[in-house]
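Asker: Give me coordinates for this.
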Amino acid sequence: MTTDLTGRAAHRAEITARAEADMAAMGVDAAFIERLVETFYGNIRRHADLGPVFEGRLAGRWPEHMVKMKAFWSSVAFKTGAYGGKPVMAHHGVNGITEGLFLQWLQLFSDTLTQIDASAQAHGWFMASAERIAKSLVLSLFYNPAQDDPRLQGAS
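Answerer: I've put the predicted structure just below:
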């Protein structure tokens, strides 16, 4: 069993080291994550549609949210496992959240990556990650399997 645990720890260390090297090659480090999160959420707060939804959920709790989002994106980029939250549950019951807002969120995320001068590789990597995250949240929050029932197709 000790050998198993040692092997897992070594494998995890390899994954983290590889992720750090991959991110470094794209110009991504801890300061990049800090700048990305700070700039993105500053843009969110000023956004006509996204701002009120986020403010309604996070009023008085922005500093804690920023710490959580930095840990989240650091964990995603560097594969550290540092984030232990439950994103789907955190987004359930948010007043004003709609499926369409996720497209605006993605566009603003892309614009933010451009704004902070992310390399083309970093831009592509972070957008691919953000798109997977958005898709997962949209499916979790808005998907209704009954709408895929073939008996309902064309019934309207």
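Asker: close enough to count as contact, residue 39 and residue 117?
Answerer: No: the pair residue 39 / residue 117 is not scored as a contact, 10.6 Å apart, by CB atoms under 8 Å. To be clear about C-beta, it is placed using only N, CA and C from the backbone, and glycine gets the same treatment.
Asker: The two: who's more crowded?
Answerer: residue 39 (15 against 11; other CB atoms under 10 Å).
Asker: Can you tell me which helices and strands the strand or helix carrying the more buried one packs against?
Answerer: Using DSSP states H and E, residue 39 maps to helix 30-46. With contacts taken as 3 or more CB pairs under 8 Å, 6 or more residues apart in numbering; DSSP states H and E, helix 30-46 sits against helix 50-58, helix 62-78, helix 99-115.
Asker: Centre of the chain to that helix, how far?
Answerer: 12 Å (CA atoms, centre = their mean, to the nearest Å).
Asker: So for that helix, mean pLDDT?
Answerer: Helix 30-46 shows a mean pLDDT of 97.
Asker: tell me which residues in it are buried?
Answerer: 32-33, 35-37, 40-41, 43-44 (16 or more other CB atoms under 10 Å).
Asker: Format those as a markdown table; extra columns: distance to residue 20.
Answerer: Listed next are those as a markdown table, based on distance: CB to CB, whole Å:
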| residue | distance to residue 20 |
| --- | --- |
| 32 | 12 |
| 33 | 12 |
| 35 | 18 |
| 36 | 16 |
| 37 | 18 |
| 40 | 22 |
| 41 | 24 |
| 43 | 27 |
| 44 | 27 |
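Asker: Tell me the one among those residues nearest to residue 62.
Answerer: residue 41 (7.6 Å; CB to CB).
Asker: my read: the closest one touches residue 67, true?
Answerer: No: using CB under 8 Å, residue 41 is not in contact with residue 67; the gap is 11.4 Å.
Asker: mind showing which ranges of the chain have poor pLDDT?
Answerer: 1-10, 87-90, 92, 94, 148-149, 152-156 (pLDDT under 70).
Asker: roughly how far apart are residue 58 and residue 12?
Answerer: Using CB to CB, to the nearest Å, residue 58 is found at 32 Å from residue 12.
Asker: my bad, residue 129
Answerer: 20 Å.
Asker: Over to residue 75?
Answerer: Distance from residue 75 to residue 12, by CB to CB: 13 Å.
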